[in-house]
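# Could you look at this predicted model? Sequence included:
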Amino acid sequence: MAQNIYDDPSFFAGYSQLPRQVRGLLAAPEWPAIRALLPDVAGKRVVDLGCGFGWVSRWMREQGASDVLGIDLSQNMIARATAMTQDAAITYEIADLETLELPKSTFELAYSTLAFHYIRDFDRLARMLYRALVPEGHLVFTVEHPVYMAAAHPDWGQDEDGRKTWPVNRYFIEGERRTDWYVKGVLKYHRTIGTTLNALIGAGFTLRHVEEFSPTREQIKAMPELADDLERPMMLLVSAQR
């Protein structure tokens, strides 16, 4: 079973105050880049994996998706998503992505935001999602970039010139990483870019687009703290098709 930090009261209290949880997709700098990867969802069936508060599930319906299934391990997340949603075509379920089995050939789009790096067995998940998609169905997801999460102690330092630097060590030593984020010992699973993409290829997917997200000048002007993401990538965006 995946670690469920989101039902920890201290974690959930802090997480709920993140701008993207308060203001939704408009507060997520990577959202325009993600949106460019998404297929037309009008009349399509969508599964939102790690749906959180349901921001993307509701957006999919606004774009005309016929129905959306939002899945999350956290009872807190599902409770908040349900409270924020008034749409009978959106269904939320509590389930663990480590063991989830979706019905075969059911969805035109499988989507996930920053959830797959919590999953130990990504190969199994990729194979299951391939089966759950209809022919030519799409998988679009984001994960923490391997450069961002590889180090034993991921945090800013300074080089001999006083420039901010991000450590990259143990990159090819894949597996568990534990970090402190609102609570101690948050468990993630580091995989190289090659491992992630080859898992998709091995499951049968065709890669459509891979992007290492970086903010635009306009975004940095509005949110100067995003300049850090020009020094090291924080997110990996992937689009694949069955």
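It's in.
# which residues are contacting the host helix or strand of Ala33?
Remark: Ala33 resides in helix 31-37, with elements defined by DSSP states H and E. Residues outside helix 31-37 that contact it (C-beta atoms under 8 Å, 6 or more residues apart in numbering): Leu25, Ala28, Thr113, Val140, Thr142, Arg208, His209, Glu211, Phe213, Leu237, Ser239. C-beta: built from backbone N, CA, C; applies to glycine.
# Try it again at 10 Å.
Judged by C-beta atoms under 10 Å, 6 or more residues apart in numbering, the contacts made with helix 31-37 from elsewhere in the structure are 20, 24-26, 28, 55-56, 59, 63, 111, 113, 138, 140-142, 208-211, 213-216, 219, 235, 237-240.
# List buried members of those residues by neighbour count.
Under a neighbour-count criterion of 16 or more other C-beta atoms under 10 Å, the subset of the contacts of helix 31-37 counted as buried comprises 20, 24-25, 28, 55-56, 59, 111, 113, 138, 140-142, 211, 213-215, 219, 235, 237-240.
# Pull out the C-alpha coordinates of the helix holding Ala33 and format them as PDB.
Coordinates of the C-alpha atoms in helix 31-37 are reproduced here as PDB (Å, rounded to 0.1, in the frame of the first residue of the first chain):
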ATOM      1  CA  TRP A  31      -0.900  24.100 -16.000                       C
ATOM      2  CA  PRO A  32      -0.600  25.800 -19.400                       C
ATOM      3  CA  ALA A  33       2.100  23.400 -20.500                       C
ATOM      4  CA  ILE A  34       0.000  20.400 -19.300                       C
ATOM      5  CA  ARG A  35      -3.100  21.700 -21.100                       C
ATOM      6  CA  ALA A  36      -1.100  21.800 -24.300                       C
ATOM      7  CA  LEU A  37      -0.500  18.000 -24.000                       C
END
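# what's the distance between the nearest residue to Thr82 once chain neighbours are set aside and Ala152?
The shortest distance from Thr82 to any residue that is not its chain neighbour, by C-beta to C-beta, 6 or more residues apart in numbering, is 5.5 Å, and that residue is Tyr92. When distance is defined by C-beta to C-beta, to the nearest Å, Tyr92 is 36 Å away from Ala152.
# The two: which is more packed in?
With neighbours defined as other C-beta atoms under 10 Å, Tyr92 and Ala152 compare such that Tyr92 has more, 21 against 11.
# Any idea how far the helix or strand the residue nearest to Thr82 falls within is from the middle of the chain?
In this structure, Tyr92 sits in strand 90-94 according to DSSP H and E. Averaging C-alpha positions (C-alpha atoms, centre = their mean, to the nearest Å) puts strand 90-94 17 Å from its chain's average.
# and that strand, what does it pack onto?
If you count contacts as 3 or more C-beta pairs under 10 Å, 6 or more residues apart in numbering; DSSP states H and E, strand 90-94 packs onto strand 45-49, helix 55-62, strand 67-72, helix 75-84.
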